[in-house]
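Enquirer: how does the following fold in three dimensions:
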Amino acid sequence: MTQVQDYDSSSYDYRDYWNGRSYEHLSEVAFLKKLISPDDSSFLDIGGGYGRLSSLYKNFKFPILLDYSIKNLKNADKNLIRVCADVYNLPFKDGSIRHAMSVRLMHHIENPSDALEEISRVINDDLILEFANKDHFIAKIKHIFDHDFKNNDVYFQKHKKDSQGWKDSQIFINFRYAYIISILKKSGFIIKNSFSISNFRNGYAKKIFNTKFLVSLDRTFQPLFKKSFFGPSIFVHAIKKNITNKEAFTNIEDIFCCPKCKGNLNKLSCYNCGITYKKIGGIYNFKG
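Expert: Just a heads-up that it's a prediction; the model follows:
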């Protein structure tokens, strides 16, 4: 069975991770502003945690924040459509989501092929996908000192402990660019562009230079660094190859389907398998 990263399994508050990481956050926001333009449709933030980036999409008609952690969703903006589910079993009808993004989720994905196939199923326009870059500059330098000159595997590393102190049973994976691109193409996407973001993510740099300067520097060097995959985060803007004209939904619950069997729902109850899902505290809970 594919493992799903669950922040609810520990007492860790994901908001704490972003203390001292204003450069990384603002670099991503500045970049994403160029790609996201609110319209009268749906936007899905997959694995969006507590809605760190929700200011970018909150003005869409259906601004959907999806995460596997109830705790994260409780900390999110109550005006968002908050959905608890996992990326391998999305509770949305085929082609019901026009725009989507996934930032800082892929390093927790054990089976990216299945995850991206499922994401492709629900999208009817474009996807912004971020993943941790196996071949970033500092990683290459580390390989030299580790005498790991070949380093031909798909993954860069599985941390013994990640920043939350979890043990190595937790998933934390860096991917090669070509590997992720090949899966996106197999899943029905056309690659529009790729970008290297947070290129100056370094403790020494953040101590020497202020955040505003580093963000400006990052934006200046993005066109150069994207060709060399310099930075630790790669963003890919992909377009769905076969876009179909779907009906315009007027109610968010018309978008939902059963994540288990993909059957239609009636007041969150599945016609096919009989499972009834719940909405508690404003959160649609499709967690298994």
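
Enquirer: residue contacts, the closest residue in space to residue 277 that isn't next to it in sequence?
Expert: Nearest non-adjacent residue to residue 277, counting by CB to CB, 6 or more residues apart in numbering: residue 268, 4.4 Å away. The way it works is simple: take the backbone N, C-alpha and C, and place the C-beta from them, glycine included. Contact analysis of residue 268 by CB atoms under 8 Å, 6 or more residues apart in numbering lists 253, 256, 276-279, 284.

Enquirer: how about residue 97?
Expert: The contact partners of residue 97, taken as CB under 8 Å, 6+ apart, are 42-44, 64, 122-124, 255.

Enquirer: got the contact list for stretch 201-216?
Expert: So stretch 201-216 is in contact with 20, 22-24, 26-27, 30, 138, 200, 217, 231-233, going by CB under 8 Å, 6+ apart.

Enquirer: where are the low-confidence patches of the protein?
Expert: Flagging of the chain using pLDDT under 70 yields the residue ranges 1-3, 136-171, 226-228, 230, 245, 247, 288.

Enquirer: for it, which helix is longest?
Expert: Looking across the chain with DSSP state H, the single longest helix is helix 211-228.

Enquirer: after that one, which helix or strand is next? Please name it.
Expert: The helix or strand immediately downstream of helix 211-228 is strand 233-240, counting by DSSP states H and E.

Enquirer: what's near enough to touch the residue nearest the centre of the chain?
Expert: Against the mean C-alpha coordinate of the chain, by CA atoms, centre = their mean, the closest residue is residue 102 at 2.1 Å. Counting by CB under 8 Å, 6+ apart, residue 102 makes contact with 45-47, 87, 119, 127-130.

Enquirer: same question for residue 29.
Expert: Contacts here follow CB under 8 Å, 6+ apart; on that basis residue 29 touches 53, 55-56.

Enquirer: filter those residues down to the buried ones.
Expert: 53, 56 (16 or more other CB atoms under 10 Å).

Enquirer: just give me the closest of the contacts of residue 29 to residue 106.
Expert: residue 53 (15.1 Å; CB to CB).

Enquirer: pick out the most distant pair among the contacts of residue 97.
Expert: Farthest pair in the contacts of residue 97 (CB to CB) is 64 and 124. Separation: 13.7 Å.

Enquirer: who has more neighbours, the two?
Expert: More crowded of residue 64 and residue 124, by other CB atoms under 10 Å: residue 64, with 22 against 19.

Enquirer: doesn't residue 77 make contact with the more buried one?
Expert: No - judged on CB atoms under 8 Å, residue 64 makes no contact with residue 77 at a distance of 12.0 Å.

Enquirer: ranges for the strands of this structure?
Expert: Ranges of strands within the chain are 42-46, 62-67, 81-84, 97-102, 123-132, 155-158, 173-175, 189-197, 233-240, 265-266, 269-270, 278-280, 283-285, based on DSSP state E.

Enquirer: what packs against the second one?
Expert: On a contact count with 3 or more CB pairs under 8 Å, 6 or more residues apart in numbering; DSSP states H and E, strand 62-67 meets strand 42-46, strand 81-84.

Enquirer: before we move on, what about the last one?
Expert: In terms of contacts (3+ CB pairs under 8 Å, 6+ apart), strand 283-285 is packed against helix 70-74, strand 81-84, strand 278-280.

Enquirer: 6 Å instead?
Expert: strand 81-84 (3 or more CB pairs under 6 Å, 6 or more residues apart in numbering; DSSP states H and E).

Enquirer: can you give me how far the strand it packs on is from the chain middle?
Expert: Strand 81-84 has its C-alpha centroid displaced from the chain centroid by 15 Å (CA atoms, centre = their mean, to the nearest Å).

Enquirer: tell me, how many residues neighbour residue 204?
Expert: So residue 204, with other CB under 10 Å, has 8 neighbours.
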